[in-house]
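>>> What shape does this take:
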Amino acid sequence: MTTNERELTEPVDLCTRDGRRLNPAARGWASRPLVRANLAGGWGRTKRWDYHALLSREVAVSLVYADVDYLGIVGVWWAHLPTGRSGGREVSVPLARGIHLPDRYGTAPLSFRHHHLGVEVVDDAEGTHLSARWRERDGRIGRLEATMAWPPGHGTVDVVIPWSDRRFQYTSKHQARPATATLVVGDDRFELGRDDQDAWGVLDVGRGRWPYRTRWNWGGGAGRAHDGRVVGLQVGGKWTEGTGATENATIVDGQVTKLGDELTWEYDWQHPMEPWTVRSADGALAVTLTPRFDRHARTEALVLGTEVHQVFGTWTGHVPGPDGDRLEVTELVGFAEESRSRW
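Numbers count the residues shown, from 1 in each chain. Reported below is the predicted structural model:
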């Protein structure tokens, strides 16, 4: 399976010099972060976020740090998949005061302090270090210390989605980054990525200027193919249709294989705990997620509204490798979601 998308090989600005329109030279995809999101103006439509997640067979954790212009959102969420227990804390900041994300991911630390939640995200030569401390709704104290390694040569899926020259999104998707973490909630303690138990880091960097109504699919996962190679899965849909660009790829032992075609998603929004299947038209990719946990969130606030089903479980099927070979995968840990938003 090939792509006709233009591959970016040199650093480029996302926007024209005034920061208001899409730079034509930024259209394309890359296997490493090359885009500087020099956004300016466009208040109300400009969105910036870094979303980190940690995946293991028993625990899923996420940390979001976002500026959607009229609102800032910082939050930590966790779930123990075997028991269905979950928790965390999220804080909303009017007008995103004090929430700052750099034009280039990882070039400046992220920091947030609130009486219910404190967050630090720092990148260095080892990878990404996440630190958080919060108070659960029931009063228990939560604490997260994690590192998402970024091995040399480990590729990413970076793409600019061009709805128009005024509405566009740059995303950098990271999958299968080896991770270690300690999560403590009250008297419960969870260790991820230790004692021969793999854990994987996920990152979604978003910088762009969005339409008011949006709907997307996103999925990912990581694990080992039957031949022992590390496989990262990165799939999306709906929001990219008609743009000539996709965010679909596999990452095998760090090498990215870009999938240029839109994929077919099959699932039941009303019954999200039933299987989710994603496949390509040519059959090169066909995987099914068996959910173990549904993170369902719904918010309605006048003109702002969002509803998301994000399910966590395991992927089984086959994916294309870097040489066009077919890799069989069984029980890659991962997730799939549909989001419907007015924002």
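>>> Going by C-alpha atoms from here, please, whenever you check contacts or count neighbours.
Fine.
>>> residue contacts, the most centrally placed residue in the chain?
Nearest to the geometric centre of the chain sits Asp204, at 3.3 Å (CA atoms, centre = their mean). Listed by CA atoms under 8 Å, 6 or more residues apart in numbering, the contact partners of Asp204 are Trp49, Asp50, Tyr51, His52, Thr171, Ser172, Lys173, His174.
>>> what is it paired to in the beta sheet?
Tyr51, Lys173 (DSSP bridges).
>>> Report pLDDT for it.
For Asp204, the pLDDT comes out at 98.
>>> Same question for the one 10 residues further on.
Predicted confidence (pLDDT) for Thr214: 96.
>>> Same question for Glu7.
Each residue has a pLDDT score; the one for Glu7 is 97.
>>> isn't it right up against Gly28?
Yes. Counting by CA atoms under 8 Å, Gly28 is a contact partner of Glu7 at 5.5 Å.
>>> With neighbour numbers in mind, choose between these two.
Per other CA atoms under 10 Å, whichever of Glu7 and Gly28 has more neighbours is Gly28, with 21 against 16.
>>> mind listing what that one touches?
Counting by CA under 8 Å, 6+ apart, Gly28 makes contact with Glu5, Arg6, Glu7, Leu8, Val159, Val160, Ala245.
>>> For PyMOL, write the selection for the buried entries among those.
Selection of buried members from the contacts of Gly28 for PyMOL, criterion 16 or more other CA atoms under 10 Å:
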select buried, resi 5+7+8+159+160+245
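>>> between the contacts of Gly28, which is nearest Leu304?
Minimum distance to Leu304 across these is 25.0 Å, recorded for Val160 (CA to CA).
>>> Chain neighbours aside, what residue packs nearest to the closest one?
The shortest distance from Val160 to any residue other than its chain neighbours is 4.4 Å, reached at Tyr170 (CA to CA, 6 or more residues apart in numbering).
>>> Report the next helix or strand after the one helix or strand that neighbour maps to in sequence order.
Using DSSP states H and E, Tyr170 falls within strand 168-185. Next in sequence after strand 168-185, counting helices and strands by DSSP H and E, comes strand 188-192.
>>> what angle separates that following strand from strand 168-185?
For strand 188-192 against strand 168-185, the angle by axes from the mean of the first three to the mean of the last three CA atoms, to 10 degrees is 130 degrees.
>>> residue ranges with poor pLDDT in the protein?
Low-confidence segments of the chain (pLDDT under 70): 1.
>>> sorry, back to before: tell me how many other residues crowd the residue nearest to Val160.
Neighbour number of Tyr170 under other CA under 10 Å is 24.
>>> same question, Asp268
The burial count for Asp268: 11, using other CA under 10 Å.
>>> Likewise for Glu10?
By other CA under 10 Å, the residues close to Glu10 number 11.
>>> which ones are touching it?
Residues near Glu10 by CA under 8 Å, 6+ apart: Leu34.
>>> Kindly report the same for the one 3 residues further on.
Counting by CA under 8 Å, 6+ apart, Asp13 makes contact with Asn23, Ala25, Ala26, Val35, Arg36, Ala37, Asn38.
>>> Select from those every entry located in strands.
Taking DSSP state E as the definition of strands, the contacts of Asp13 contribute Val35, Arg36.
>>> now, which of the contacts of Asp13 sits nearest Ala199?
For those, the minimum distance to Ala199 (CA to CA) is 28.2 Å, reached by Val35.
>>> was I right about the closest one contacting Leu14?
Yes. Assessed by CA under 8 Å, Val35 is found in contact with Leu14 at 6.0 Å.
>>> list residues touching both of the two?
Contact criterion CA under 8 Å, 6+ apart; residues shared by Val35 and Leu14: Ala26, Tyr170.
>>> quick one on the thing from earlier: which elements pack onto the strand holding Tyr170?
Judged by 3 or more CA pairs under 8 Å, 6 or more residues apart in numbering; DSSP states H and E, strand 168-185 is in contact with strand 141-149, strand 157-162, strand 188-192, strand 200-209, strand 213-224, strand 230-237.
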